[in-house]
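S.K.: what follows is a predicted protein model with its sequence.
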Amino acid sequence: MSKKPVRVAVTGAAGQIGYALLFRIASGEMLGKDQPVILQLLEIPDEKAQKALKGVMMELEDCAFPLLAGMEAHSDAKAAFKDTDYALLVGARPRGPGMERADLLAANAQIFTAQGKALNESASRNVKVLVVGNPANTNAYIAMKSAPDLPRENFTAMLRLDHNRALSQIAAKTGKPVASIKKLCVWGNHSPTMYADYRFATIDGASVKDMINDHAWNKDVFLPTVGKRGAAIIEARGLSSAASAANAAIDHMRDWALGTNGEWVTMGVPSNGEYGIPKDVMFGYPVTCEGGKYKIVEGLPIDAFSQECINKTLAELQGEQDGVKHLL
Ligand code: NAD
Ligand code: LMR
């Protein structure tokens with residue numbers, strides 16, 4: 001094992017996503033089977049949470065992962081983020097039955113202001129930050145704005161679960177394997193307003209749009225199914241999605257760190273004005289990744305229906321941003 005260990009901070013480490021995430025990070029599924037990791041785990045100071053975190057760490061120990069080069073438990077964000085190369089901000093209050101994401105805004109804004117500041121003070125200057133905790137885009141925006149000394153492009157929000165959900169729905173509709181679907185993307189907010197867009201998608205070189213050729217299915221079945229999938233999972237499980245969310249976080253970080261070989265994936269990233277989205281709005285875009293950097297796919301044509309969808313999700317994001325302005 002010749003590579004130097006990298007530091008991976010995970011917040012909300014004793015929560016349900018944490019439990020589905022940490023073992024996969026430690027086994028090398030996120031950063032590669034040759035990359036040792038040191039886990040820096042953050043939980044709230046609450047005795048029960050810290051005790052649960054200890055239990056998770058005992059289990060990690062019991063896996064004897066060859067790549068797990070160290071583990072730390074923290075209740076202070078600045079200590080947890082010390083020199084960290086990757087930060088997965090999962091800890092937040094999850095949505096319960098009947099709650100909308102907007103309800104979570106105020107409670108979570110405070111968490112992400114504090115964590116943005118802590119990253120600013122103690123993380124590696126190259127830290128790659130993924131915000132999973134909801135409302136993910138706005139929380140990522142808050143963290144980015146609270147960390148003025150870190151490059152803004154280091155902050156991202158998780159849209160990958162929406163992307164993966166859309167892939168599966170298209171695979172089911174076309175009867176083709178998920179892996180054969182290329183150039184799918186999801187625009188906007190991780191919320192029911194997200195716009196999953198298969199206009200550019202191909203399967204074995206053929207257009208998915210032509211294959212499906214059904215605008216009513218797109219509008220009335222596909223988009224609501226993907227957009228409301230989080231609520232459907234909550235309704236079914238009584239708990240929000242966890243294993244699929246952890247899987248999406250692994251996909252997001254792996255692709256960002258190791259590259260996508262030219263394939264498109266979806267990431268929530270701060271806009272530089274692409275597609276008319278105002279600067280700094282944390283927006284889901286099609287991206288490709290190479291050499292540890294993501295690049296927004298530019299120059300795609302936006303038709304009237306797509307523009308309408310993009311406007312709607314943008315308006316929601318701007319409303320969320322307005323709601324937290326006073327905290328920044
Ligand atoms: P959970 O309640 O099981 O776990 C959250 C954990 O975070 C708890 O252990 C809690 O103690 C901890 N926590 C709370 N505040 C914290 C803080 N300030 N610092 C550190 N830890 C803190 O929740 P979960 O099911 O693991 O979900 C976590 C978040 O992820 C929720 O906001 C949920 O809505 C969100 N989520 C996002 C996506 C997405 O696609 N972006 C998907 C699923 C879930
Ligand atoms: C999801 O999409 O599954 C999560 O964001 C949970 C939620 O609140 O919808």
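M.R.: On my side now, so go ahead. Ligands and ions are numbered 1, 2, ... in the order given.

S.K.: shouldn't residue 185 be in contact with residue 264?
M.R.: Yes - between residue 185 and residue 264 there is a contact at 5.9 Å, judged by CB atoms under 8 Å. Backbone N, C-alpha and C define where each C-beta goes, glycine included.

S.K.: where does this structure have its least confident helix or strand?
M.R.: Each helix and strand of the chain was given a mean pLDDT (mean pLDDT, DSSP states H and E); the minimum falls on helix 101-122 at a mean of 88.

S.K.: now for it, which elements pack on it?
M.R.: helix 77-80, strand 86-89, helix 136-145, helix 304-324 (3 or more CB pairs under 8 Å, 6 or more residues apart in numbering; DSSP states H and E).

S.K.: which residues do residue 185 and residue 264 both contact?
M.R.: Shared contacts of residue 185 and residue 264, defined by CB atoms under 8 Å, 6 or more residues apart in numbering, are found at 286, 297.

S.K.: looking at those two, which is more packed in?
M.R.: residue 185 (25 against 18; other CB atoms under 10 Å).

S.K.: measure residue 74 to residue 113 for me?
M.R.: Counting by CB to CB, to the nearest Å, the gap from residue 74 to residue 113 is 18 Å.

S.K.: the domain parsing of the protein - what is it?
M.R.: Domain ranges of the chain: 6-156, 159-325, per the TED database.

S.K.: most tightly surrounded among the ones you listed?
M.R.: Highest mean neighbour count among the domains of the chain (mean count of other CB atoms under 10 Å): domain 6-156, with a mean of 20.

S.K.: nearest to ligand 1, of the helices and strands packed on helix 101-122?
M.R.: helix 136-145 (3.9 Å; CB to the nearest ligand atom).

S.K.: thinking again about what came up before, out of the helices and strands packed on helix 101-122, which comes closest to residue 221?
M.R.: Closest of these to residue 221 is helix 304-324, at 14.9 Å (criterion: CB to CB).

S.K.: chain center to that closest one, what's the gap?
M.R.: Offset of helix 304-324 from its chain centre (CA atoms, centre = their mean, to the nearest Å): 18 Å.

S.K.: ok, it near ligand 2 or not?
M.R.: No - with CB under 6 Å from any ligand atom as the criterion, ligand 2 is not reached by helix 304-324; the gap is at least 13.9 Å.

S.K.: alright, calling it a day.
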